[in-house]
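Undergrad: sequence and predicted structure below; questions after.
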Amino acid sequence: MEPGLSSSPHSPLYTSLLVAGPRIRPLTQIHARIVISTLHRNRSLLTKLLTLIISAGYPLYANRLLPSVPNPDAFLFDSIIRASSRSTLPLHSLHFYLLMLSSSLRPSNYTFTSLLKTCADLSASDLGRILHSHVLAAGFGLDRFVQTSLVVLYSKAGNLIIARKVFNRMPDKSVVVWNALISGYEQNGRAGEAIELFYLMRKKGIEPDDATLAILLSACSQVGDLALGKWLHEHYIQGKNLRLGLVLGSSLLNMYARCGQVAKAREIFDGLEEQNAVSWTAMIAGYGMHGFAEQAMELFERMQLYGPPPNLVTFVAVLSACAHGGMVQQGREAFDSMKFDYNFIPRAEHHVCMVDLYGRAGLLDEAMKFIRDQITGEPEAAVWTALLGACKMHKNFNRAAEIATKLLALEPENPSHHVLLSNIHALAGKMEKVEEIRDFMISRGWRKKTGYSLIEINNVPYMFRMGDTSNLKTVEIYRYLEELICRIREVGYEPMTDSVLHELEEEEREVALRFHSEKLAVAFGLLSTGAGSLIKVVKNLRICGDCHLAIKFISGVTGREIVVRDKHRFHHFRYGLCSCQDYW
Ligand code: ZN
Ligand code: ZN
């Protein structure tokens, strides 16, 4: 027991501290009473006082008080470091840690868990790495609590290789630590690894909790893994009768919406016990993303009448639904309502949606006017990109070249801008300019991303790349695809030969039989499933114009429903049409 500790818990001053809690006014009064009492050098009383002062958010006050404590011990430093790390000014925990070291006191595993929490909260991974070396030097490298804090820190900071290394070395892993790593993968766009880790977790006999399920569902939305998402829903949420609270409910409906099951998402939404702006927004965005702009607007109207007040993200979902659905007037009204009825100051995302709305509809002058009148200061690069996309779509090459030059001045090192400019030149037939840009890009070492498409048949995923021949049914797939192309040519399909060259994010032009991955995946899907079943393909890049056209025709001649989820949105092909109404 600490010297002096035994007497203080019984002192009335200690009781007053407990009553006061982390509130600065009563604490200063008690401090004054301590100073004039016989207990003014009582270490445990002062430790409690300091801890509460820090929790109240006054670390500098605590810092001034610290020298009056006789022989401060490791317990005192641990307490104030922990209080700092949980306070609104967590960085001070590091200051107290340095004081602790300069007093030649040894940090404990508790000291490190508090300090690592500070680093995780501040996403200060460099600082975390320095502390990690202190952890090892102090001999706490195998301490379970410290290891957990390290995994949390590195996962949050996106440093997943080190997070995984620490994780692998842990002999027994709490769920906290599984969650931290799974969520680290998910947050950093590595949903596949998050899902793999979940399988490993199950193998070890650890069951996911609500938080893990929410993370996993959002991982499923990222990769379009409907089968797993559905299984999680049926096996855990329904099977264990879990309550669909706000977080889990929104993740579930978002998963169904993003995996192409809009009706199911709506069913979940309608059945939610609690609905907040996040769940309403997820449902509106779900409709918008699938091209159901009218349903999105209907729901938005209902939200304004009976739901929670919309937030800035809701308006992004609404405006983007209008843009993709070609609903110019509704979009304009929503934008005005956001400004004048809800008093929101539009952000870059809203500006981009509006420019997109006008641009897609071919109202390029309106788009320019919007940029001039509504955006104060220099418009964000994304605004120009949206306008440029529209100029390209409507073949206004002069204006496009003008904007691309502006964009390049704003962000000279962004490869996609060079690609866009190159495409515009290609479309305008200025091939020497195209070559110039291509050489420049090669000199920078900027390469194309390779495209691939995924399709799941009987819960087995199959991957296709352009001109892929790795599938066991390759011969059959190609033969069938050629036959399909012949059939759709008879009803009016013409391959789009003016497909854009040198697109960093798009695949090369099709040459002879080097079919794009999405065509191969669709053909394989049609071959492998019976009439009436939905074909669902996920593509990592944007679908190209020619594949889009071909799949529209294919859906018509085969009478099958095909969903392609590309990098930006869903395309529901049915009866020869696509839900995006050719806006994408
Ligand atoms: Zn294609
Ligand atoms: Zn489409």
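TA: Good, I have the coordinates. Ligands and ions are numbered 1, 2, ... in the order given.
Undergrad: please make it C-alpha for all contacts and neighbour counts, starting now.
TA: Fine.
Undergrad: which helices and strands does the longest helix along the chain pack with?
TA: Ranked by number of residues, the top helix in the chain under DSSP state H is helix 474-490. Packed against helix 474-490 by the contact rule (3 or more Cα pairs under 8 Å, 6 or more residues apart in numbering; DSSP states H and E) you find helix 517-528, helix 545-558.
Undergrad: ok, now how distant is the residue nearest to the spatial centre of the chain from Trp178?
TA: In the chain, the centroid-proximal residue (Cα atoms, centre = their mean) is Gln187; its distance is 5.7 Å. Counting by Cα to Cα, to the nearest Å, the gap from Gln187 to Trp178 is 14 Å.
Undergrad: about what we covered before: can you say which of the helices and strands packed on helix 474-490 is packed in most?
TA: The highest average neighbour count among the helices and strands packed on helix 474-490, using mean count of other Cα atoms under 10 Å, belongs to helix 517-528 at a mean of 23.
Undergrad: helices or strands up against it?
TA: strand 452-457, strand 460-465, helix 474-490, strand 535-539, helix 545-558.
Undergrad: export those to JSON lines and tack on mean pLDDT and distance to ligand 2?
TA: Compiled in JSON lines, the helices and strands packed on helix 517-528 are given as follows (pLDDT from 0 to 100; distance: least, Cα to the ion, whole Å):
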{"stretch": "strand 452-457", "mean pLDDT": "89", "distance to ligand 2": "16"}
{"stretch": "strand 460-465", "mean pLDDT": "87", "distance to ligand 2": "20"}
{"stretch": "helix 474-490", "mean pLDDT": "93", "distance to ligand 2": "17"}
{"stretch": "strand 535-539", "mean pLDDT": "90", "distance to ligand 2": "13"}
{"stretch": "helix 545-558", "mean pLDDT": "93", "distance to ligand 2": "6"}
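Undergrad: so for Leu66, which of the ones you listed sits nearest?
TA: strand 535-539 (60.3 Å; Cα to Cα).
Undergrad: so what are the sheet partners of that closest one and their directions?
TA: strand 452-457 (antiparallel), strand 562-565 (parallel) (DSSP bridges).
Undergrad: which of those strands sits most buried?
TA: Of those, the one with the most neighbours on average (mean count of other Cα under 10 Å) turns out to be strand 562-565, with a mean of 25.
Undergrad: CA atoms of whichever helix or strand comes after that strand as PDB?
TA: Remark: after strand 562-565, the chain's next helix or strand is strand 570-574, criterion DSSP states H and E. Output in PDB follows, covering the C-alpha atoms of strand 570-574 (Å, rounded to 0.1, in the frame of the first residue of the first chain):
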ATOM      1  CA  PHE A 570     -25.400  -0.100 -60.400                       C
ATOM      2  CA  HIS A 571     -26.700  -0.900 -63.800                       C
ATOM      3  CA  HIS A 572     -30.000  -2.900 -63.900                       C
ATOM      4  CA  PHE A 573     -30.400  -4.300 -67.400                       C
ATOM      5  CA  ARG A 574     -33.900  -5.400 -68.200                       C
END
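Undergrad: redo the strands paired with strand 535-539 as CSV? Include distance to ligand 1.
TA: Below are the strands paired with strand 535-539 laid out as CSV (distance: least, Cα to the ion, whole Å):
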stretch, distance to ligand 1
strand 452-457, 11
strand 562-565, 12
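Undergrad: closest one to Ile30 among those?
TA: strand 562-565 (64.0 Å).
Undergrad: how much space is there between Pro346 and ligand 2?
TA: 28 Å (Cα to the ion, to the nearest Å).
Undergrad: ignore the last one, Phe515
TA: 19 Å.
Undergrad: now Ala83
TA: Ala83 is 54 Å from ligand 2, where distance means Cα to the ion.
Undergrad: quick check, pLDDT for that residue.
TA: pLDDT recorded at Ala83 is 95.
Undergrad: likewise the one 4 residues further on?
TA: With respect to pLDDT, Ser87 scores 92.
Undergrad: helix or strand: which one has it?
TA: If you go by DSSP H and E, Ser87 is not part of any helix or strand.
Undergrad: list the contacts for the closest residue in space to it that isn't next to it in sequence?
TA: Closest residue in space to Ser87, ignoring its immediate chain neighbours: Ser55 at 5.4 Å, by Cα to Cα, 6 or more residues apart in numbering. Residues near Ser55 by Cα atoms under 8 Å, 6 or more residues apart in numbering: 22, 83-84, 86-87.
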